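> give the three-dimensional model of this entry:
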Amino acid sequence: MEDVIDIITYLLDHLDDEDDAVIEDHLRAVGFPDADIQRALDWMEGFAVEEQEDTSPRALRAYHPYELQNLSVAARGQLYDWERLGVINGAMRERIIDRLLALDLEDMDMETLDWVAFMVMANDPGPEALWVDALLDTDGTRILH
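You can find the predicted model right below:
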């Protein structure tokens, strides 16, 4: 699965530079399997999904058993803290959860949570996008805990 994250990173660096066929050919040429390339492309298309309505700030999020199994207590706590502090809203929280689960990682660490949250915030046109810089320091280290 780390290959999928590597592919997504490559796609982000080269998304506007080349068309999809050229990028796919290049990824194949450097040895990424077709299945991982397709998973990465599908993951990126998840950002094109229609925007969800924001939830009430007083709403309580109940996690599905699948989410409980695949999102650590630390990750759920971090999402709760970000929402409580106003860093993200309910719709962004749901998009972050959706994109995390779509990665289908066996062991999701806090760096992955930060990375996915950054991706969601960077793709959100709302005022919350201003908080993107609050997640990571200039050298990529976590600032918010």
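> per-residue pLDDT, the residue nearest to the spatial centre of the chain?
Taking C-alpha atoms, centre = their mean, the centroid of the chain lies closest to residue 116, which sits 2.3 Å from it. At residue 116, the predicted lDDT confidence score is 91.
> now residue 45: how far from residue 78?
According to C-beta to C-beta, to the nearest Å, residue 45 and residue 78 sit 26 Å apart. In short, each C-beta sits where N, CA and C put it, glycine included.
> hey, where'd the strands end up in the chain?
For the chain, strands defined by DSSP state E do not occur.
> could you pull out the helices in it for me?
Using DSSP state H, the helices of the chain run over 2-14, 20-29, 34-45, 65-70, 73-85, 90-103, 110-122, 132-135.
> ok, residue 44 - contacts?
Going by C-beta atoms under 8 Å, 6 or more residues apart in numbering, residue 44 touches 8, 11.
> and with 6 Å instead?
Residues in contact with residue 44 (C-beta atoms under 6 Å, 6 or more residues apart in numbering) are residue 11.
> least confident secondary structure element in this structure?
Least confident helix or strand of the chain, by mean pLDDT, DSSP states H and E, is helix 132-135 with a mean of 53.
> quick one: buried residues of stretch 114-124?
114-117, 119-121, 124 (16 or more other C-beta atoms under 10 Å).
> go on, stretch 40-47?
For stretch 40-47, a neighbour-count test (16+ other C-beta under 10 Å) marks 40-41, 43-44 as buried.
> let me know the average pLDDT across stretch 96-108.
89.
> now do it: everything it contacts.
Outside stretch 96-108, the residues that touch it by C-beta under 6 Å, 6+ apart are 1, 43, 46, 70, 116-117, 120.
> now with 8 Å?
Counting by C-beta under 8 Å, 6+ apart, 1, 4-5, 42-43, 46-47, 49, 66-67, 70-72, 75, 79, 88, 112-113, 116-117, 119-120 sit against stretch 96-108.
> and stretch 68-77, by the same measure?
63, 97, 100-101, 105, 108, 110, 113.
> care to break this structure down by domain?
Domain assignment for the chain by the TED database gives 1-46, 65-142.
> just those domains: most buried one?
Among those, ranked by average contacts under mean count of other C-beta atoms under 10 Å, first place goes to domain 65-142 (a mean of 16).
> low-confidence stretches in the protein?
Scanning the chain for pLDDT under 70 picks out 1-2, 14-18, 49-58, 125-145.
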